[in-house]
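K.L.:
Next one to model:
(chains A, B and C)
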Amino acid sequence: MLTVSPSPHYQSETSTTKLMCNVLIALVPALIFSVYVFGFSALLLTLVSVASCLLFEFVIDKWLFKNQNYSIKDCSAIITGVLLSFNLPNSLPLWMVVIGCLIAIGVAKMSFGGLGCNIFNPALVGRVFLLISFPADMTTWSKVSEYTVDGTTGATPLGMVKEGIMSGKTIADLSLPSTTDLFIGNIGGSLGEISVIALIIGGIYLLCTKTITWHIPVSVLGSIAVFSCILYLANPELNANPIFHLCTGGAMLGAIFMATDYATSPMTSFGKIIFGIGIGVLTVIIRRFGAYPEGMSFAILIMNALVPLINKIQHRRYGSKN
Amino acid sequence: MTTIINTILLLCAIGLLASIALYFVAKKFKTDENPLYGEVESLLPGANCGGCGFPGCRKLAEKMVDSPSLDGLYCSVGGEQTMEQIATFLGKVASQTEKKVAVVKCKGTCEQRPKTVSYEGISSCSFAASFHAGDTACSFGCLGLGDCEKACSFGGIKINPVTKLPEVDSNLCTACGQCATACPRHIIELRKTNKKDMKIYVGCSNKDKGAIARKACAAACIGCGKCMKTCPNNAIVVVDSLAYIDANACKLCRKCVEACPTGAIVETNFPVRKKVEENN
Amino acid sequence: MKTFTIGGVHPKENKLSKGVAISIAPIPERVMIPLSQHVGAPANPIVAVGDIVKVGTKIGESAGFVSANVHSSVSGTIEKIDMYPDLSGNKKQMIVIKTDGNDEWEPTIDRSTTLQKDITSFTPEIIKEKIAIAGIVGMGGATFPMSVKLTPPKDVTIDYLLINGVECEPYLTADHALMLEKAEEICVGIELIKKALGVSKALVGIENNKPDAIAKMQQVATAYQGIEIVPLKVKYPQGSEKHLIQALTGREVPSRKLPASVGTIVCNVASTFAVYEAVIKNKPLIDRIVTVTGTGLTTTANVLTRIGTSFSDLLNVVGGLPEGTDKVISGGPMMGRAVRSLEIPIMKGSSGVLCMTEKEAHRKPETNCIRCGRCVDGCPMGLEPYLLYALSKKSMFAELNEHNVTDCFECGSCSFSCPAHKPLLDYIRLGKAKAIQILQNEAKKEVDKK
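P.N.:
Just a heads-up that it's a prediction; the model follows:
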């Protein structure tokens, strides 16, 4: 018996699972680096995060949605788990990680209907929830290098700048890490955000496999560079240079992995560029003028909320030229 | 203290100004509407199915109030009871409409009508009909993808998962005609029925010549005309190799059902036939 | 290198029959010739059962302006004129001819293969008349009658003739083979169409995955004035009329307008070759080149096939339908149509017969939309397929019109590129049909009011 179906009779090789696996592969260099720097505890934290994300998704899927076809198979919960752990400090108690996962999967993802229906990036919602609920634990970084103040607690370069400016110092007074250290990741910070080079390797992999397009990373990083450059030129005493902004505080992690999350970014290329510029500008504003030293998470979440509006912008249609 | 007093005064002032503005706006945009509209509408079922031919219950209510008589205005969902109520309320005479029920003119179950191709695509009859002639050799019968079920607001028609044919629950069917409109093959007919819901109709829509129709489906009407000859009331006509029973002329004698060689004629809710021949 | 600018996808090419020389299919015992092989009114039969016909005898008379003549493709006896299921299973009027084995041609047809380049004796009127008599239609798949295409509205000036040698569908190589073997004839055909239209410039668009065809055509075209071969970057759906126009000239055809409105006429290479045969050799459109292909086949072929040959007869050329074939497609995998049985005829617009194995034939299971935007990036019309899909699913047909659903020409780029394997195009088609209905009803109401 022949099968009849409407055209097209051809489907591309990609599938949701394959795309998600590509993202996971791209996260591997950063994971390896974090294990190298923070040791086994980093791996444990990531594993706990991934496991609890998977568990929460499975439980909600099975007993709340009563789905037969479990959505954990598409690997998206693993990505949420890894990205959430990348946004957490190494020393965070594991029970807090589990709560973060519950918020990320339960509130930010599944309550909207699961994969593709969520408005906000689940990992960032989890992270921001933890940051607001447990500010002390979330801003305690274990020592990585000589720049961190003592053996157990340290500060991120952005934290140092924020604190320094608040106490009336200028940038030149602060002993900030060198550009090379920033680039390699010889600084304090969350698990996945420290090494710019590892993240860029992942980003190149994503671009090569066409998992993401260049629009969001380039526009985010570009607008951070341009906007911080303007501030730097206006007053170099109070504003850090653009390279410092690009290499610190999860700018790379956010631009390459968080902002490019399919469900929470715009559909069109033009929309993606607007989205990226919005994130870049907001990030610098929050970093420079806000209460928090780091603005990437908030900037992405704010722009996530604007995505439905950005999607309304009509893009170029065939026949509109004449 | 002064702050609190000032606040209260300010709020009162705003409230006063807003109420004055609202008063004038309401005055200016006031529409005169017959209050009967709303009351008649509340008597109607409120399903907004469109079965009466008007876009929603409100429009039917308006028409009922405005027109001098209720002739031609009938809510099949509410039925006679509702119509009586409205008639008494408006002081008009309710129009008498015979009870109708939807019937599906296809008996092509999976056994009777073997599949010739397997269809892969979205579950929509109107889409499948625009795309091909169905997954059996019959290009007239039911596609089985459930557009009628989706169109029905009352759950009165459902696809039987075994036969893949829609079945009408005559208790729930209100003869609104949504399913008949939704069916791209036009095989659903609103048919007169009596109190016990006894009816006889041809369960086939195939207009192909006998041999082709029979090849496609074992229960097809082959247009042989035996029923037409048997019918004592001349209620049956055969057009395009397809028999049709006129519900008004049919006296429910069931002779045609016995005469049909393919069993294409459907009888519903009759008492079980006495098997006279076997006893002899 | 030129290409169109909005959207587009890159399906795997799979041109299995690339470089396979054109072979000639045996004449079948019986042919079924549909009277409706073109857009427009079906032709009226002008023969009766029992009549003896020769190859090229007219059997169907064009029934109106937008219609085309139909000719017998074999010599033999008319066996039946009846309704038979076409590839969608709906019944269409067809003429069944039993062949006599003599293959006797109408005497007016010049069967020699000598190339005639001199076209001075043909006036535009004669060319158009001969094309209309030969029943030539667009052979790329749209099957729009050529005679209508060559009669553009009087208020437009045509400045470019565009020849479509793109063949962007995966698997198909019929046009490629034709360009390799009949380049001279195609160029004469272009000259003839140019003369009929009064156009001085012709652009031939060929995708650069056919470098041999580009080289061959370029070499031949140097001898002709005003024929330029333009290599195009490979991208689907470049063979769409609107996108070929944009790729070659940069012009865009406005919504619901014909290519003539931007001063262009597009012809397929196969139609161009048919024009050459019709005008120079007096040969009506009775055969065409069909690609017979599929990963399950042991050999693939580009076959010169008589119109009306059944799919099963044609598949015998490559050794019959292989075991485990679950789907047979008339045309290419992106826009072709799956057939219901092999007892349907090859028509003027059938460019390929593609057999798909069980593994390839079925759709992959659907998952959640992840809003990745690949459908939007892929849509060559710049529409938002994910939105049209959702609106159609929710029966919001009026809103579909606001989002230009009628511009969709069903190329399948959206469904192809979707990683969640959503049946985007199915729902868009459904919505488009309903939206067009709404538009027509509105137009009708307007007319009624007046």
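K.L.:
Residue in the stretch 251-400 of chain C with the shortest distance to chain B?
P.N.:
Across the stretch 251-400 of chain C, the shortest distance to chain B (CB to the nearest CB) belongs to residue C:340, at 4.8 Å. Placement of C-beta: from N, CA and C, glycine included.
K.L.:
That residue contacts residue A:1, correct?
P.N.:
No - between residue C:340 and residue A:1 no contact is recorded; they are 9.8 Å apart, counting by CB atoms under 8 Å.
K.L.:
got any residues that touch both of these two?
P.N.:
B:116-117 (CB atoms under 8 Å, 6 or more residues apart in numbering or on different chains).
K.L.:
Assign the nearest residue to residue A:120 once chain neighbours are set aside to helix, strand or coil.
P.N.:
Among residues not flanking residue A:120 along the chain, residue A:304 sits closest, at 4.8 Å (CB to CB, 6 or more residues apart in numbering or on different chains). State at residue A:304, reduced to three classes by DSSP: H, G, I helix; E, B strand; the rest coil: helix.
K.L.:
what residues does the stretch 51-200 of chain C put near chain B?
P.N.:
Contact residues (CB under 8 Å from any CB of the partner chain) of the stretch 51-200 of chain C with chain B: C:85, C:88-91.
K.L.:
okay, now residue C:228: neighbour count?
P.N.:
When neighbours are counted by other CB atoms under 10 Å in any protein chain shown, residue C:228 registers 14.
K.L.:
In contact with it, which residues are there?
P.N.:
C:201-204, C:221.
K.L.:
between these, which has the most around it?
P.N.:
residue C:204 (28 neighbours).
K.L.:
and stretch B:257-273, which residues are buried?
P.N.:
By 16 or more other CB atoms under 10 Å in any protein chain shown, the buried positions in stretch B:257-273 come out as B:257, B:259-260, B:262-268.
K.L.:
just checking, which of those residues belong to helices?
P.N.:
Within the buried residues of stretch B:257-273, residues falling in helices by DSSP state H are B:257, B:259.
K.L.:
Turn the buried residues of stretch B:257-273 into CSV, including pLDDT and distance to chain A.
P.N.:
Output for those, formatted as CSV (pLDDT from 0 to 100; distance: CB to the nearest CB, whole Å):
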residue, pLDDT, distance to chain A
B:257, 90, 34
B:259, 90, 35
B:260, 91, 30
B:262, 91, 24
B:263, 89, 26
B:264, 91, 26
B:265, 91, 31
B:266, 89, 29
B:267, 87, 34
B:268, 86, 34
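K.L.:
Which element, helix or strand, includes residue C:326?
P.N.:
Using DSSP states H and E, residue C:326 falls within strand C:325-330.
K.L.:
Which residue is it, in chain A, that comes closest to chain B?
P.N.:
In chain A, no residue comes nearer to chain B than residue A:5, which is 3.8 Å away by CB to the nearest CB.
K.L.:
you'd agree that residue is up against residue B:120?
P.N.:
Yes - with contact defined as CB under 8 Å, residue A:5 reaches residue B:120; the gap is 3.8 Å.
K.L.:
how long is stretch C:38-58 end to end?
P.N.:
Start and end residues of stretch C:38-58 are separated by 16 Å (CA to CA, to the nearest Å).
K.L.:
And stretch C:95-109, by the same measure?
P.N.:
22 Å.
K.L.:
Could you do stretch C:162-180 as well?
P.N.:
End residues of stretch C:162-180 are separated by 19 Å (CA to CA).
K.L.:
what mean pLDDT does that stretch have?
P.N.:
Stretch C:162-180 comes out with an average pLDDT of 94.
K.L.:
quick one, strands of the stretch 101-250 of chain B?
P.N.:
B:117-119, B:157-159, B:166-168, B:188-192, B:199-202, B:236-239, B:242-245 (DSSP state E, counting those that start in this stretch).
K.L.:
Convert the fifth one to PDB, retaining C-alpha atoms only.
P.N.:
Think strand B:199-202. Presented in PDB, the C-alpha positions along strand B:199-202 are these (Å, rounded to 0.1, in the frame of the first residue of the first chain):
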ATOM      1  CA  LYS B 199     -36.000   6.500  10.400                       C
ATOM      2  CA  ILE B 200     -34.900   4.800   7.200                       C
ATOM      3  CA  TYR B 201     -32.300   6.300   4.900                       C
ATOM      4  CA  VAL B 202     -29.700   5.200   2.400                       C
END
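K.L.:
Can you tell me what sits against it?
P.N.:
By CB under 8 Å, 6+ apart, the list of residues contacting strand B:199-202 reads B:101, B:103, B:105, B:189, B:191-193, B:221, B:227, B:242-245, B:247, B:250, B:252, B:254, B:256-257, B:264-269.
K.L.:
pLDDT of that strand, averaged?
P.N.:
91.
K.L.:
Can you name the residues that contact residue 260?
P.N.:
Defaulting to chain A. So residue A:260 contacts A:206, A:212, A:216-217 (CB under 8 Å, 6+ apart).
K.L.:
nope, chain C
P.N.:
C:152-153, C:156, C:158.
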